[in-house]
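# Got a predicted structure here, sequence first:
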Amino acid sequence: MALVSSRTIDPDALRQPVSAVAGTGRCRVAVIGAGAAGLCAARHLIARGVDVVVYELGSCIGGLWVFGNDNGLAPAYQSLHLNSEARVTAYRDFPFPDGGPLYPDHRQVRSYLEDYAEKFNVKPRIRFRSRVVDIAPLPGDRWRVKLEDGGGGDFDAVVVGSGHQGSPSHPGWRKDFSGEYLHSHSYRIPEPFRGKRVLVVGMGNSAVDIASDICVVTESTTISARSPVLVMPRMLFGVPTSRVLGRLERNWMPWPVRRTIREVLTRIVHGRMEQWGFTTPKSRTHPTSHPSLMSHFVWDRIKAKPGIESVKGQEVRFADGTMQTFDTVIAGTGYNVDLPFLAPELRPLEGHKLELFLRVVHPTRRGLYFIGLFNVAGGGNIRMMDDQAEWITDLVTGEIAPPDAATMRAVMEEEQAFLRKHYPAAPRYALELDPAFYRKQLRRERRQARMRRARQAAPAAQAGQ
């Protein structure tokens, strides 16, 4: 839904610091969610003296990294690990413990997030088992947060860090399949699929994890890849592949050159994608890698098929004209961004497209911020949250202010143009974030914000002389 406003917005008001409206008292901010994003936002705000309340739907810290999270939204399965190396994933000032694995599992990530909350005094600010049902604007550009149990409060700003992997997106043919169907969000362990013919749909991180997980107990495992994919090795020369790419690639390199580097490295280890039933991409795609997926292809435990053309009963017809019968389909078909506590006119979405200035600032509602609505294309999601949280804190405390509405719209269109140029036009890529491009945008905006502030301060300083 496109953004609309229920009242007239003063463009100049959007540029005022949140704390200026809060009077002389201490600025008070609500953070929604105690996962990696919400914790990071709270940590930076608390460090700058902001009064923070964190509302968490479940009873524990860690969000999607909690196996069996009672918030009902976490997709964690028993074999879940980080896909990016720990040292580049960790928060900037809080590394994973020494001596740990290169790719920690969900238990270790949960423990890491709990330690982070303890270290930076976030845990005492968390209100567990607090379902937020409404976030509504108040006069004076303040916000009211309402809870299901009738609690809540009024705040100078709200930071939404509730994640984007809680509402599964299902394929259109779902109801045409008469066998067992589940979304990857509901997958936990391989045992229920023992002896079954299983089709896993998609080539995202969860899909390849699940296919590799179940193929040792199923009668057969097939993975359907609608789009071209490059399955890179997780390790090269005894180190994570990302380290090798970091030495070989440069930001100034055209994408075809970087793509060729990746294709050559992948071919050395895995051969051509076509020999395993995939198609090598010629445009940017979200990185895919797995420590054992291609070994399972070698052992004939997993076979690849192209996209699905139609489904009838338990029979699936693929784009190559072949048909197979399956007992179970596991759909790794992504998620919808779900913000049920925001009225439609406040939701920063137009279809799958995110309508936010630099993924953070609501363009028409001052004091409403978002963190973590991205999928980093090569790199760690958690590390990127630090960049966003620092900027949010600067905005909330009045250190800097956002630009005028026209400038925000121009930057938003710049990002959309970048996505259209470099990534396929598919819902999966709506939240794709290129770390180099994004950090460049963010650095530019923070620099320009300080220049705007200096220009605004100059007349006042001259008048006082």
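Structure received. Residues are numbered from 1 along each chain as shown.
# Next one: the nearest residue to N71 once chain neighbours are set aside from N336, what distance?
Residue nearest to N71 in three dimensions, not counting chain neighbours: G58, with 3.1 Å by CB to CB, 6 or more residues apart in numbering. All C-beta atoms are positioned from the backbone trio N, CA, C, and that covers glycine. Plainly put, G58 is 20 Å away from N336 if you go by CB to CB, to the nearest Å.
# Looking at those two, which one has more neighbours?
G58 (21 against 16; other CB atoms under 10 Å).
# these two touch, right, that one and N69?
Yes - G58 is in contact with N69 according to CB atoms under 8 Å; the separation is 5.3 Å.
# Contact partners for the residue nearest to N71?
By CB atoms under 8 Å, 6 or more residues apart in numbering, the contact set of G58 is V66, N69, D70, N71, G72, L73, F128, R129.
# list the buried ones in stretch 182-196?
Residues of stretch 182-196 classed as buried: H183, S184, H185, Y187, P190, F193, K196 (neighbour count, 16 or more other CB atoms under 10 Å).
# Show me what it is in contact with.
67, 75, 77-78, 165-166, 168, 170, 180, 202, 206-207, 210, 213-214, 216-219, 327-333, 335.
# Narrow those residues to those that are buried.
67, 75, 77, 165-166, 168, 202, 206-207, 210, 213-214, 217-218, 327-333, 335.
# Please flag which of those sit within helices.
S206, A207, I210, D213, I214 (DSSP state H).
# Now for these: which two are most distant?
S206 and I214 (12.2 Å; CB to CB).
# per-residue pLDDT, V201?
Looking at V201, its pLDDT stands at 98.
# what's the burial count for it?
25.
# That one bridge partners, please.
Assessed by DSSP bridges, V201 has beta-bridge partners S224, A331.
# What distance do you get for it to L431?
Distance of V201 to L431, given as CB to CB: 19 Å.
# can you pull the contacts of E415?
Residues counted as contacts of E415 (CB under 8 Å, 6+ apart) are L358, F437, Q441.
# What does it show for phi and psi?
phi -70, psi -40 (degrees, to the nearest 10).
# which helices and strands sit right next to the longest helix seen in the chain?
For the chain, the helix with the greatest residue count under DSSP H is helix 435-463. Packed against helix 435-463, as judged by 3 or more CB pairs under 8 Å, 6 or more residues apart in numbering; DSSP states H and E, are the following elements: helix 381-397, helix 405-422.
# quick one, which of these is nearest to E345?
Of all the helices and strands packed on helix 435-463, the one in closest proximity to E345, counting by CB to CB, is helix 405-422 (16.1 Å).
# For that closest one, list every residue counted as buried.
Within helix 405-422, the residues scored as buried using 16+ other CB under 10 Å are A405, M408, V411, M412, E415, L419, H422.
# got JSON lines for those residues, with pLDDT and distance to T266 too?
Output for these, formatted as JSON lines (pLDDT from 0 to 100; distance: CB to CB, whole Å):
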{"residue": "A405", "pLDDT": "91", "distance to T266": "44"}
{"residue": "M408", "pLDDT": "94", "distance to T266": "39"}
{"residue": "V411", "pLDDT": "94", "distance to T266": "35"}
{"residue": "M412", "pLDDT": "94", "distance to T266": "34"}
{"residue": "E415", "pLDDT": "91", "distance to T266": "29"}
{"residue": "L419", "pLDDT": "87", "distance to T266": "24"}
{"residue": "H422", "pLDDT": "84", "distance to T266": "19"}
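# hmm, which two among those residues are most spread apart?
Longest span within the buried residues of helix 405-422, CB to CB: A405 and H422, 26.5 Å.
# about what we covered before: turn the helices and strands packed on helix 435-463 into TSV, including distance to T322.
Supplementary listing: those in TSV, determined by distance: least, CB to CB, whole Å:
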stretch	distance to T322
helix 381-397	37
helix 405-422	32
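# so which of the ones you listed gets nearest P101?
The nearest among the helices and strands packed on helix 435-463, by CB to CB, is helix 381-397 at 15.9 Å.
# quick one, that closest one and helix 435-463 angle?
Between helix 381-397 and helix 435-463, the angle comes out at 20 degrees (axes from the mean of the first three to the mean of the last three CA atoms, to 10 degrees).
# Would you mark the buried spots in helix 381-397?
381-397.
# And it, what does it pack against?
The helices and strands touching helix 381-397, judged by 3+ CB pairs under 8 Å, 6+ apart, are helix 18-21, helix 36-47, helix 86-89, strand 368-370, helix 435-463.
# Of the ones you listed, flag the one that's most buried.
The highest average neighbour count among those, using mean count of other CB atoms under 10 Å, belongs to helix 36-47 at a mean of 26.
# ok now that one, how far from the chain's centre?
A distance of 16 Å separates the centroid of the chain from that of helix 36-47, by CA atoms, centre = their mean, to the nearest Å.
# Kindly format the C-alpha coordinates of it as PDB.
C-alpha atoms of helix 36-47 as PDB (Å, rounded to 0.1, in the frame of the first residue of the first chain):
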ATOM      1  CA  ALA A  36      19.300  -8.500  17.000                       C
ATOM      2  CA  ALA A  37      17.800  -5.300  15.500                       C
ATOM      3  CA  GLY A  38      15.800  -4.100  18.500                       C
ATOM      4  CA  LEU A  39      18.700  -4.800  21.000                       C
ATOM      5  CA  CYS A  40      21.100  -2.800  18.800                       C
ATOM      6  CA  ALA A  41      18.800   0.200  18.600                       C
ATOM      7  CA  ALA A  42      18.200   0.100  22.400                       C
ATOM      8  CA  ARG A  43      21.900  -0.200  23.200                       C
ATOM      9  CA  HIS A  44      22.900   2.900  21.200                       C
ATOM     10  CA  LEU A  45      19.900   5.000  22.500                       C
ATOM     11  CA  ILE A  46      20.700   4.000  26.100                       C
ATOM     12  CA  ALA A  47      24.300   5.000  25.600                       C
END
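# what is the orientation angle of it with helix 381-397?
Angle, helix 36-47 to helix 381-397, by the same axes, to 10 degrees: 40 degrees.
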